[in-house]
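Enquirer: what's the 3D shape of this:
(3 chains)
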Amino acid sequence: MGDEHLLEVNNLKVHFRSGKKTVRAVDGISFKLGKKENLGIVGESGSGKSVTATALMRLIPSPPGKIADGEIIFEGENILKYSNRKMRDIRGNEISMIFQDPTTSLNPVYTVGNQLLEAIQTHQQLSKKDAQEKAVEMLELVGIPEARRRLKMYPHEFSGGMRQRVMIAIALSCNPKLLIADEPTTALDVTVQAQILELMKKLQDEIDTSIIMITHDLGVVWELCDNVLVMYAGHMVESGPVQSLHSNPLHPYTWGLLDSQITSETESDELLRTVPGAPPNLMTELPGCPFADRCVYAQDICREKKPEMLEVEENHFVACHFQTEDSRLERRGGDHS
Amino acid sequence: MTTMDTTESMNNKNNNNNEDDMEKAPNLFMRLLRNRLAAIGLFVVALMVITAIFAPWIATHPPYEMDVTKTLLGIGSEGHLLGTDNYGRDIYSRLIYGSRVSLIVGVSAVLFGAIIGTILGLVSGYFGGTLDSVIMRFMDGLFAFPFILLAITLMTVLGQGLFNVILAVGIANIPGFARVIRGQVLSVKEEEFIEVTRSLGARHGRIIFQHILPNSIAPLIVYGTMSVAGAIISEAALSFLGLGVQPPTASWGSMLKEGKDFLVLNPHVATVSGLAILISVLGINLLGDGLRDALDPKMKL
Amino acid sequence: MKEPILQAKGLKKFFPLDSPIPFKKSSDSVRAVDDVSFELYPGETLGVVGESGCGKSTVARLATRLIQPTEGTVYLEGQNLMTMNEEQLRVARRDIQMVFQNPYASLDPRKTIEQLISEPLVIHKIGDKRSRRKRVHELLEVVGLQSHHANRHPHEFSGGQRQRINIARALALNPKVVICDESVSALDVSVQAQVINLLKELQKEFQLTYMFISHDLNVVRYMCDRILVMYLGEVVEVGTYKDIYERPEHPYTKALLSAIPRENPEEEKERIILTGNVPSPIHPPSGCYFHERCPFAMDICKTKAPEMVTVSDSHEAACHLINKGDSEHVI
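Expert: Below is the predicted model:
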């Protein structure tokens, strides 16, 4: 069944308790990911994108968080029903993650080789010697020169970019089917970011892995991803192939996001078109569209009823009352306020 | 004009994901009380303070009034709620008045140590260098001195009496406070808002007292509370050894001293004051623990 | 040609390292800023770009003498900041203010907004309580906040709002120059756009001169009239934004520009991927600091440090390739 998706997420909800209140960090997102396909999840602070990534690995700290609803179907099985033991088998093995800050993700008191070996030996039955060889192989794969010597070095002896490469080596050491990258290049310089993105592209060819890339930088999405999902305040607002989203974005928030990015087209004597206000409080359950109070196109219905994600063009979904097959919004010029 | 944040979203912002507000006083009190042990601690401390303040009204007899015909009476006899000691003085009343001594010594000694220790810690942490080294080595020396030895030395030099007890315990408290404050200062002074203030042209004094100090005293609240408990015990110890308050002043420690000779036949004399010390120190420690938990912004109850 | 409002000549800042042998002075130091000169003209926005470790934040702090330079001078409106005493420096600082990067760390959490914004006025003994309060309310409105915000504490505000407060504070003394040290880098993209707009409008309204330090090349191109590109403590190229973005000369500048992620999923960018890592600022390479990673390095680059070569009236770069007239090495 070549049509089966690698990952299918249905109506995932992740809630956190804060005192007596509930923070709805992720409030019902769904998406599908095929083999060797890259998905970008884009949003700003509070959008729920990082929580989604953590939820996919079932690493949500509980308490205070919990997966309140939904399914995560990986290779046909709902991993939310797995026992802890079975989940541990998968983590690092079939599903791997790389985190944002390479400085704090590596343990400073163990050598890099040690940490790489730990990842390898947790899931693979290899002799110590074979595991060592595999470790060297992985470091070379991610482009670290003098790999054998470097195995004996400590994280602080590496630069930021090198540490991130080590993280990638650790994440890929067991040939995972799915790699979740949570803002992996945000803390890095732009030239290093370019190196890491090139590396990821190259590795994807060699290791048959799908990548979910969590980022706030649309540029990274255009570089690496096939499809993109835009999140706002824990909800999905738009999703589709990158070309569609770039050439024909539909949701007003997506317009705002695209406008806020400065590109070579932006004229320096014009003010930027911005989205006024700031993301909402995730503790209150909003009856309507989460973007309603910042949206210049909002009408009463937007505040009363939550819009559903509807397929408006081929594979292009959007959650807006006024962006449907029948009606379209006129994207206004000038400031979005 | 400029694109503004709407007032609406500003109101939303008040409940935002900024977890680090310990500023709201009612919130702090509520969190404190949620911890049952801390609530008990608060109750005990409150009781102690009320007792000390209203002593003349709560006590049944004058604490110094001797009656050699009624020595060592048991609990509840002849109008003496807790009996009498070997001089015929009412134990209950002496206990009540004794709380004053404990509280006065406890609080003043700690205040003394805190103020001097804070100044030393501030200066040491902020300026660093040789000044820091000198002050800290001095503090280390003071710290290393066994307390009783220090107290005995000081009392020998200064003489006995309540004031000198406060001085002795206070001096012993200085290094602890200096260390705590210095640690805080070292980390606060690296914060960006300090660099900003410096860039505005502020002088050292302003930076230290307006910015560094307010941000450094949080741990002092808990540390200070616990130190009061320690000071009360120290006073009791000194009085027990005969170095503290002099008769006929009633202090829980001196009551212990007087009572120890009669432990076999009339245990109530020593036991009662011993219990008083136990309960108040326990109460203060529970309160201190509760305060620490309530002030810790990372704990979500 | 107008007179520059701020002029730096030969700035150097070396941070000495602790020697492992006690009592022995170490000869090693971190060469954070290694001979930087620039001019800032009234009303313009000068950008300083570079990656981590290039020294741009240090240059910002040297420009106001927040850090003492190891060598070099800074002239503010013709006056030498290095020869001033504490008092004179304090007065001079009124004209040149800074907005820092981290909106969460740059405001004292224990103070109210009013106290924070009026602090510069208090320090410089300007006005009385009433006039200061009035000024605070004025400033709050100017940055897009409201007077009733004055009694709140920083934690009640979002990142973007805190940055506005920082800006209000920087404007309190009516400075002529404002140095923005990565002032928008820690903000979400949509908030960043708001704050950038604010900065632009304030510049027009109050005739401010900006020095804008950032690692984000797109923001710099949008905000700045002229740009300094730094690498390992040195200025490798300087020019107008058109010079830098359309006609970059230095290989590092070219690499930097090519590293920017694409703007369009369809676009295939030609990339100059640099090899290796930034060399150590303690022991910089011989000759041109960039030669070990430069795809176009020649023999001379290993031995001789290049000097700034004039490419046009507004444009200079420090590279041996320019002399050769052979700088069109785009792959």
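Enquirer: low pLDDT regions in chain A?
Expert: With pLDDT under 70 as the threshold, chain A has low-confidence stretches at A:1-3, A:333-337.
Enquirer: One more: the stretch 1-150 of chain B?
Expert: Scanning the stretch 1-150 of chain B residue by residue, the ranges that satisfy pLDDT under 70 are B:1-28, B:31-32.
Enquirer: need the strands for it, in chain order.
Expert: Ranges of strands within the stretch 1-150 of chain B: none, based on DSSP state E, counting those that start in this stretch.
Enquirer: That one: helices as residue ranges?
Expert: B:7-13, B:25-34, B:36-53, B:55-58, B:91-127, B:129-144, B:147-158 (DSSP state H, counting those that start in this stretch).
Enquirer: likewise chain C?
Expert: Shown for chain C, the helices assigned by DSSP state H span residues C:56-63, C:86-92, C:113-123, C:129-142, C:159-171, C:189-206, C:217-223, C:241-246, C:251-258, C:299-303, C:320-323.
Enquirer: Can you flag the weakest of these by average pLDDT?
Expert: By mean pLDDT, the lowest-scoring of the helices of chain C turns out to be helix C:320-323, with a mean of 82.
Enquirer: List the buried residues of it.
Expert: C:320-322 (16 or more other CB atoms under 10 Å in any protein chain shown). Heads up, the C-betas are built off the backbone N, CA and C, glycines and all.
Enquirer: which outside residues touch it?
Expert: C:249, C:251, C:288, C:296, C:298, C:300-301, C:304, C:306, C:309, C:311, C:327, C:329 (CB atoms under 8 Å, 6 or more residues apart in numbering or on different chains).
Enquirer: and residue A:317, helix, strand or coil?
Expert: Reducing the assignment to helix, strand or coil with DSSP: H, G, I helix; E, B strand; the rest coil, the entry for residue A:317 is strand.
Enquirer: For whichever residue of chain C sits closest to chain A, report the pLDDT, please.
Expert: Minimum separation of chain C from chain A (CB to the nearest CB) falls at residue C:261, amounting to 2.9 Å. You'll see residue C:261 listed with a pLDDT of 88.
Enquirer: Report the contact partners of it.
Expert: For residue C:261, the residues meeting the contact criterion (CB under 8 Å, 6+ apart) are A:193-194, A:197, A:217, A:219-220, A:222-223.
Enquirer: redo that, cut-off 6 Å
Expert: For residue C:261, the contacting residues are A:219-220, A:223, by CB atoms under 6 Å, 6 or more residues apart in numbering or on different chains.
Enquirer: what does residue A:13 give?
Expert: With contacts defined as CB under 6 Å, 6+ apart, the neighbours of residue A:13 are A:27-28, A:68-70.
Enquirer: Break chain A into its domains for me.
Expert: Domain assignment of chain A by automatic domain parsing yields the ranges A:7-232, A:250-337.
Enquirer: ranking the ones you listed by burial, who's on top?
Expert: Mean neighbour counts were compared across the domains of chain A using mean count of other CB atoms under 10 Å in any protein chain shown; the top stretch is domain A:7-232, at a mean of 19.
Enquirer: can you tell me the distance between the two ends of that one?
Expert: 22 Å (CA to CA, to the nearest Å).
Enquirer: And for stretch C:236-251?
Expert: Using CA to CA, the span of stretch C:236-251 from its first residue to its last is 9 Å.
Enquirer: got it, and stretch C:144-152?
Expert: 16 Å.
Enquirer: Rounded mean pLDDT for that stretch, please.
Expert: pLDDT averaged over stretch C:144-152 equals 90, rounded to a whole number.
Enquirer: returning to that earlier point: next, format the contacts of residue A:13 as a markdown table and append secondary structure.
Expert: Formatted as a markdown table, the contacts of residue A:13 follow (three-state DSSP):
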| residue | secondary structure |
| --- | --- |
| A:27 | strand |
| A:28 | strand |
| A:68 | strand |
| A:69 | strand |
| A:70 | strand |
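Enquirer: for those, which one is nearest chain B?
Expert: The nearest member of those to chain B, counting by CB to the nearest CB, is residue A:27 at 15.2 Å.
Enquirer: Contact partners for that closest one?
Expert: A:13, A:234-235.
Enquirer: mind redoing it with 10 Å?
Expert: Applying CB atoms under 10 Å, 6 or more residues apart in numbering or on different chains, we find residue A:27 in contact with A:11-15, A:48, A:68-69, A:233-236, A:282, A:285-286, A:290, A:306.
Enquirer: Going by distance to residue A:102, which of the contacts of residue C:261 wins?
Expert: Lowest distance from residue A:102 to the contacts of residue C:261 (CB to CB) belongs to residue A:220, with 16.2 Å.
Enquirer: Tell me the spacing between the closest residue to that closest one other than its chain neighbours and residue B:44.
Expert: The shortest distance from residue A:220 to any non-neighbouring residue, by CB to CB, 6 or more residues apart in numbering or on different chains, is to residue C:261 (5.5 Å). For residue C:261, the distance to residue B:44 (CB to CB, to the nearest Å) stands at 63 Å.
Enquirer: do residue A:273 as well
Expert: Distance of residue A:273 to residue B:44, computed by CB to CB: 63 Å.
Enquirer: Do you have the strands of the stretch 101-250 of chain A handy? List them.
Expert: Listed in chain order, the strands of the stretch 101-250 of chain A (DSSP E, counting those that start in this stretch) span residues A:178-182, A:210-215, A:227-232, A:235-241.
Enquirer: And the closest residue to residue A:331 other than its chain neighbours, which helix or strand is it part of?
Expert: What sits nearest to residue A:331 in space, not counting adjacent residues and going by CB to CB, 6+ apart, is residue A:255, at 5.9 Å. Residue A:255 is part of helix A:252-260 when elements are defined by DSSP states H and E.
Enquirer: does any part of the next helix or strand after that helix sit near chain B?
Expert: Secondary structure here is assigned by DSSP H and E; on that basis, the next helix or strand after helix A:252-260 toward the C-terminus is helix A:300-304. No: applying CB under 10 Å from any CB of the partner chain, one finds helix A:300-304 out of contact with chain B, separated by at least 12.1 Å.
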